[in-house]
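Participant: With the input below, show me the fold.
(one chain, ligands or ions: 1)
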Amino acid sequence: MVNDVLLKDVEDELGRGAWRLRFADHVEAHFEADTQRQRSRNMVVAGLIAAFIYNLFLINDFSFRPDAFTTAVALRAGVMLPVGLTILWWVYRGVSPRTREFLMASTVICATLISCMILVSSTARYSYLDVFSFGLILVVGNIVYSLRFGYALASSVLSVLIIVAFVVNYAPMPLEIKRLAIFTLLANGAFTLVANYRLERSERLAYLHVLREKLRAGHYLKNNEMLSQLSLTDPLTNLANRRQLDMEFATRWREAVDKNAWLGLMVIDIDHFKAYNDRYGHLQGDDCLRQVARAMQLNSRSADLVVRFGGEEFVVLMAEASPEAAEPAAERIRRGVEALQIANAGVSPQAVVTVSVGVAVLPPEANMTADDILSHADQALYQAKRRGRNRIWVANPVDLPNADDAAGDLCRSAR
Ligand SMILES: Nc1nc2c(ncn2[C@@H]2O[C@H](COP(=O)(O)OP(=O)(O)OP(=O)(O)O)[C@@H](O)[C@H]2O)c(=O)[nH]1
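Facilitator: Here you go, the predicted model:
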């Protein structure tokens, strides 16, 4: 249900205008939760590379502006590096998405400020040419860090303003070079912002597509599970149906053969149910079936499979049954149904709904089939009915009346 709502929101996002970046709150929260960790790690790695290269520029400082080298070392390695590493550590430990973007954007501003301060602290001849490398700071923020677009835009505008303010007031720089530097910087800012926007848009779209496929797969899986559950359940009583019995029977039969363990089965039939239907009507008959089914479920072990076999006939497949345990188990079910005290006037001495139970417990042998045990339980049920109903009868394979025609009929009807 929750996933269905999210799936709809994701589909809505995919259908929205192509220019939008931020998702609706619900989807945005998922996006952040799913990508936050990886994004923080990527930013930290990018930040470490940027910090390393930023300090490599000391080589340029040394050769272009020896007069400001000490200042450059103090600012790059003494200020920018510790500030940057502290921020990266913070981001690595985990902060909110807004704080993460803000902190990373602030390293861009900080680097811009420090670069400008180093620039103006030198009067060396070609020192001002360094201003053409300042665009790299925008490349780092907008592309390498790939700041969220709002933060990329804000930090770019601020950086450009800082650089323009320093450049305009930097006397050793010829006017034409100032113009060229500012133009180059603006173009750099524009290009990197376009790239930044496209990167974020692609990342978000890719996320939506992947999430939609995942949610759809989950949706189909859930539907399939529901359908397969329906196909194995009897709709009237919610018990397992015959298809499920076939599947379970085959599995447990094989297990019993492998383990050389006993397998038990009860066939249960409601007594005089035709009379019940005739007297109380089919709808009440259905209700009676539901109550009887529930009583059987409540009075059997959770490991046993209770099945509506068809009509008013039920089967209980007993896990790891022993002959000693099967009889009381069947008796519990018989009593449980009788205890419901559902009136069935005029058909039996008790005048309530009762069941007859045929039980068979056999050690599966290689030369037997799974149907043999069903046949034995069926014949035992026939004996229970013949001996007056509302009773259980446990089949003894040796004593079974194989030649009994009536039993033969019952065996057929059960399959
Ligand atoms: N209400 C209802 N009745 C059903 C359903 N399925 C089978 N029946 C009825 O169950 C009755 C079974 O009757 P019989 O097979 O003659 O057996 P019985 O009357 O229970 O007699 P004994 O088994 O010999 O005690 C029939 O009247 C069927 O119509 C069902 O889903 N709902």
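
Participant: Mind listing what's buried along the helix or strand Q36 falls within?
Facilitator: Assigning secondary structure by DSSP states H and E places Q36 in helix 25-56. By 16 or more other CB atoms under 10 Å, the buried positions in helix 25-56 come out as 27, 30-31, 39-40, 43-44, 46-47, 50-51, 54-55. All C-beta atoms are positioned from the backbone trio N, CA, C, and that covers glycine.

Participant: and F23, what is it in contact with?
Facilitator: Contacts for F23 (CB atoms under 8 Å, 6 or more residues apart in numbering) come out as 13, 31, 204, 208.

Participant: rewinding a little: what helices or strands is the helix holding Q36 leaning on?
Facilitator: Secondary-structure packing of helix 25-56 (3 or more CB pairs under 8 Å, 6 or more residues apart in numbering; DSSP states H and E): helix 2-15, helix 81-93, helix 97-120, helix 175-231.

Participant: and the angle from the last one to helix 25-56?
Facilitator: On the basis of axes from the mean of the first three to the mean of the last three CA atoms, to 10 degrees, helix 175-231 is oriented at 140 degrees to helix 25-56.

Participant: same check, this time on the second one
Facilitator: Following the same axes, to 10 degrees, one obtains 150 degrees for the angle between helix 81-93 and helix 25-56.

Participant: ok, and what's touching helix 81-93?
Facilitator: With contacts defined as CB under 8 Å, 6+ apart, helix 81-93 is touched by 40-41, 43-44, 47-48, 50-51, 54-55, 100, 103-104, 106-107, 110-111.

Participant: what residues does the stretch 201-350 of the chain put near the ligand?
Facilitator: Contact residues, the stretch 201-350 of the chain versus the ligand (CB under 6 Å from any ligand atom): 236, 269-275, 277, 282, 285-286, 289, 311-312.

Participant: Could you point out which of the residues you listed is nearest to A384?
Facilitator: For those, the closest approach to A384 (CB to CB) belongs to D269, at 8.4 Å.

Participant: Backbone dihedrals for the closest one, please?
Facilitator: Backbone torsions of D269, given as degrees, to the nearest 10, read phi -130, psi 130.

Participant: Look at the closest residue to it other than its chain neighbours and report its pLDDT.
Facilitator: Spatial nearest neighbour of D269, chain neighbours left out: E313 (5.0 Å); criterion: CB to CB, 6 or more residues apart in numbering. Turning to E313, the model gives it a pLDDT of 96.

Participant: what about the spatially closest residue to R242 that is not a sequence neighbour, how many residues close to it?
Facilitator: Spatial nearest neighbour of R242, excluding adjacent residues (CB to CB, 6+ apart): F309 at 6.0 Å. Neighbours of F309 under the rule other CB atoms under 10 Å: 21.

Participant: Over to F309. Which of the three states is it?
Facilitator: What DSSP: H, G, I helix; E, B strand; the rest coil gives for F309 is strand.

Participant: need the contact list for it.
Facilitator: By CB under 8 Å, 6+ apart, the contact set of F309 is 242, 245, 267, 315, 414.

Participant: Identify the residues contacting the fourth one.
Facilitator: Okay, so that is V315. By CB under 8 Å, 6+ apart, V315 lies in contact with 245, 265-268, 306-307, 309, 374, 377.

Participant: doesn't F273 make contact with the residue nearest to D269?
Facilitator: No - in this structure E313 lies outside contact range of F273 using CB atoms under 8 Å: 9.4 Å.

Participant: picking up where we left off before, only whichever of the residues of the stretch 201-350 of the chain next to the ligand are buried, select them in PyMOL.
Facilitator: Per 16+ other CB under 10 Å, the buried members of those correspond to this PyMOL selection:
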select buried, resi 269+270+271+272+273+277+285+289+312
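
Participant: which element is whatever residue of the stretch 251-400 of the chain ends up closest to the ligand on?
Facilitator: The nearest approach of the stretch 251-400 of the chain to the ligand comes at G285, 2.5 Å away (CB to the nearest ligand atom). Element membership of G285, judged by DSSP H and E, is helix 282-298.

Participant: And the nearest residue to the residue of the stretch 251-400 of the chain closest to the ligand once chain neighbours are set aside, which helix or strand is it part of?
Facilitator: Excluding the flanking residues, the one nearest G285 by CB to CB, 6+ apart is N277, at 4.2 Å. Assigning secondary structure by DSSP H and E places N277 in helix 273-280.

Participant: can you pick the most crowded of the contacts of F309?
Facilitator: V267 (29 neighbours).

Participant: Just confirm that one contacts G358, I think it does.
Facilitator: Yes - between V267 and G358 there is a contact under CB under 8 Å: 4.6 Å.

Participant: Mind listing the shared neighbours of those two?
Facilitator: 377-378, 380-381.

Participant: Okay, and which of the residues you listed map to helices?
Facilitator: Mapping the shared contacts of V267 and G358 onto helices (DSSP state H) picks out 377-378, 380-381.

Participant: So D34 is in contact with Y207, correct?
Facilitator: Yes - the pair D34 / Y207 is scored as a contact, 7.2 Å apart, by CB under 8 Å.

Participant: what about F314, which SS state?
Facilitator: Following three-state DSSP, F314 is assigned to strand.
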